[in-house]
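*Asks:* Have a look; sequence and predicted model below, questions after that.
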Amino acid sequence: MRLTVIGCSGSVSGPDSPASGYLLTGPDMTPTVIDFGPGVLGALQRYLDPGEVDIFLTHLHADHCLDLPGLLVWRRYHPNPPTGKAVVYGPSDTSLRIGNASAEIGGDTDDWSDVIDMRQWMVGAPIPFGPGHTVEARRMYHPPESYGLRIKTASGRTFVYTGDTAICPEVYDLARGADVLLAEASWTHDPANRPPGIHLSGTEAGMIAAEAGVGELLLTHIPPWTAREDVIAEAKAVFSGPVHAVSPGEVFEI
């Protein structure tokens, strides 16, 4: 399986990156985009037809989902529309929230079931996709209903994405033994710089990687106002394995 970074800017889209969006591709599988934040739809067109993807949503903060109304336009009105429906896995209120954002009139809800097959995450239940891969969602510590994802490939490799979360026992369990951990790192570790219960620091991302015994740590969701070099340095100070802050267009073999 191959991971392509479509967007990785945290909390808002940045000057050099869309907000959160990560493309998974591989033989005999439907291309799948994890999160679909502002700017992802446009950048995704460099790689494939956005009408041909399935989607995994970790949560419904705007920076992780609000290019989905544009995807509905693509699927409905493209002169060569895709066949079938896109499968979307997400939180329990996904259809309502995205339907509200896509509605023609305030107070209405767009029924997207004409082009979307909506499915709700079931915590701890591995879901098959592609030729022998599975994805398992687990609840994280973040203000809305939020999930981290643990993906097991057909070859036995494990890829974990924290989504957005503050430090919590669940994120350590999620990351346990992962070959590749894609962890958000929105803040530096100075408590004065960050409210509690929302995001990880570079230090905390490194702590999770070290205690969970992961093979490689990829840092993401760094906002435009946080220095990438500082977050990287914090993670490296507590995790001895490979550490890298991702950028749009980078590709990683899982």
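*Replies:* Cool, got the structure.
*Asks:* Okay, buried residues for stretch 136-152 please.
*Replies:* Using 16 or more other CB atoms under 10 Å as the burial criterion, the residues of stretch 136-152 that qualify are 136-142, 145-152. Backbone N, C-alpha and C define where each C-beta goes, glycine included.
*Asks:* Stretch 21-35 too?
*Replies:* Buried, per 16+ other CB under 10 Å, within stretch 21-35: 21-26, 29, 31-35.
*Asks:* related to what we said a few turns ago, so which of the buried residues of stretch 136-152 sit within helices?
*Replies:* Using DSSP state H, the subset of the buried residues of stretch 136-152 located in helices is empty.
*Asks:* for the residues you listed, which one is nearest Pro196?
*Replies:* Distance to Pro196 across those (CB to CB) is lowest for Tyr141, with 9.9 Å.
*Asks:* Now Thr165. Nearest residue, chain neighbours left out?
*Replies:* Once its chain neighbours are removed from consideration, Thr165 has its nearest residue in Met140; the separation is 3.5 Å (CB to CB, 6 or more residues apart in numbering).
*Asks:* I'd assumed Tyr161 was in contact with that neighbour.
*Replies:* No. Here Met140 does not reach Tyr161: they are 10.3 Å apart, not a contact under CB atoms under 8 Å.
*Asks:* what do those two both touch?
*Replies:* Overlap between the contact sets of Met140 and Tyr161, as judged by CB atoms under 8 Å, 6 or more residues apart in numbering, is given by 58, 148.
*Asks:* What distance do you get for Met2 to Glu104?
*Replies:* Quick fix: residue 2 reads Arg, not Met. Taking CB to CB, to the nearest Å as the measure, Arg2 falls 38 Å from Glu104.
*Asks:* Compare these two (neighbour count), which wins?
*Replies:* The neighbour count for Arg2 versus Glu104, taken as other CB atoms under 10 Å, is higher for Arg2 (13 against 6).
*Asks:* on that earlier part again, among the buried residues of stretch 21-35, which are in strands?
*Replies:* 21-25, 32-34 (DSSP state E).
*Asks:* coming back round to it: per-residue confidence at the residue nearest to Thr165?
*Replies:* Per-residue pLDDT puts Met140 at 98.
*Asks:* And for the one 5 residues further on?
*Replies:* For Glu145, the model assigns a pLDDT of 98.
*Asks:* my guess is it contacts Leu60, does it?
*Replies:* Yes. Between Glu145 and Leu60 a contact is recorded at 7.5 Å, counting by CB under 8 Å.
*Asks:* Quick check: phi and psi on the closest residue to Gly130 other than its chain neighbours?
*Replies:* With CB to CB, 6+ apart as the criterion, Gly130 has its nearest non-adjacent residue at 3.0 Å, and that residue is Met29. Backbone torsions of Met29, given as degrees, to the nearest 10, read phi -130, psi 150.
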